[in-house]
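J.: Sequence plus the predicted model coming up.
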Amino acid sequence: MNLSVINSPDSFGLACNYTPYSFYLGGKRTYYGLPNNPDYDMPLSGSPCDTLVSINEPASTSSTNANLHVYYAPDWEKAFINAEKLKGKNYRLRMVDVLGKEVYSESGALNSPYFTRDLNCASFAKGIYLVIFENDSYRSEKERLVKKFVVE
């Protein structure tokens, strides 16, 4: 019900300040170590901690406040994709896995500043995917929104 702690891991020998059974787990037990529970939807988009979107490429390259929202419903095996405050006439929607392999693509005309799509993900393997939404604005600028989600 306790973990041992190395208080100075960069120091050698006794200088590492090892204290056995010093961290109490609140009455809980661990047998093989602690679980790794990553948070794939970190609020630090574009930071060095966000390893799925390049820090050199912002989620939106336009000055608008366009937003992309992706929600995966594991019970329905569907990804619900919504974008708002869009400008332009045409769009391209792509979905890629973490290795960059494109697993879905579509393009078409935008009819309003909103976009919505329900994608069936039943044939997708479990893992992390990126949704990339691109559209052209009225001034020939490209708008690019990127969001990640996890298929469980």
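T.: Looks like it arrived, so ask away. This one's a predicted model, so the numbers in the text were calculated from it and none came from an experiment.
J.: Let me know the secondary structure of residue 15.
T.: Of the three states, residue 15 takes helix under DSSP: H, G, I helix; E, B strand; the rest coil.
J.: Use 753 as the first number for this chain going forward.
T.: Sure, I'll start numbering at 753, so the last one becomes residue 767.
J.: what about the closest residue to it other than its chain neighbours, distance to residue 772?
T.: On the basis of Cβ to Cβ, 6 or more residues apart in numbering, the spatially nearest residue to residue 767 that is not a chain neighbour turns out to be residue 760, at 6.4 Å. Where you see a C-beta, it was placed from the backbone N, CA and C, and this is true even at glycine. Counting by Cβ to Cβ, to the nearest Å, the separation of residue 760 from residue 772 is 15 Å.
J.: And for residue 884?
T.: When residue 884 is compared with residue 772 (using Cβ to Cβ), they lie 50 Å apart.
J.: can you check residue 882 too?
T.: Taken as Cβ to Cβ, the spacing of residue 882 relative to residue 772 amounts to 44 Å.
J.: So between those two, which is more surrounded?
T.: Taking neighbours as other Cβ atoms under 10 Å, residue 882 and residue 772 compare with residue 882 leading, 18 against 8.
J.: Show me what the residue lying closest to residue 876 once chain neighbours are set aside bridges to in the sheet.
T.: In this structure, residue 876 finds its nearest non-sequential neighbour in residue 903, 5.1 Å apart by Cβ to Cβ, 6+ apart. Residue 903 has these beta-bridge partners by DSSP bridges: residue 879.
J.: Can you give me the pLDDT of residue 903?
T.: With respect to pLDDT, residue 903 scores 91.
J.: Where do the domain boundaries of the chain fall?
T.: The chain breaks down into these domains under automatic domain parsing: 753-789, 819-903.
J.: Go through the ones you listed and find the least confident stretch.
T.: Summarising mean pLDDT across these, the least confident stretch is domain 753-789, with a mean of 82.
J.: Strands of this protein, start to end?
T.: Assigned by DSSP state E, the strands in the chain fall at 754-758, 770-776, 819-825, 830-836, 842-849, 854-861, 867-872, 879-888, 894-903.
J.: residues near the residue nearest to residue 830 when sequence neighbours are not counted, how many?
T.: Residue nearest to residue 830 in three dimensions, not counting chain neighbours: residue 870, with 5.4 Å by Cβ to Cβ, 6+ apart. Residues lying near residue 870 (other Cβ under 10 Å) number 12.
J.: Fine, thanks again, bye for now.
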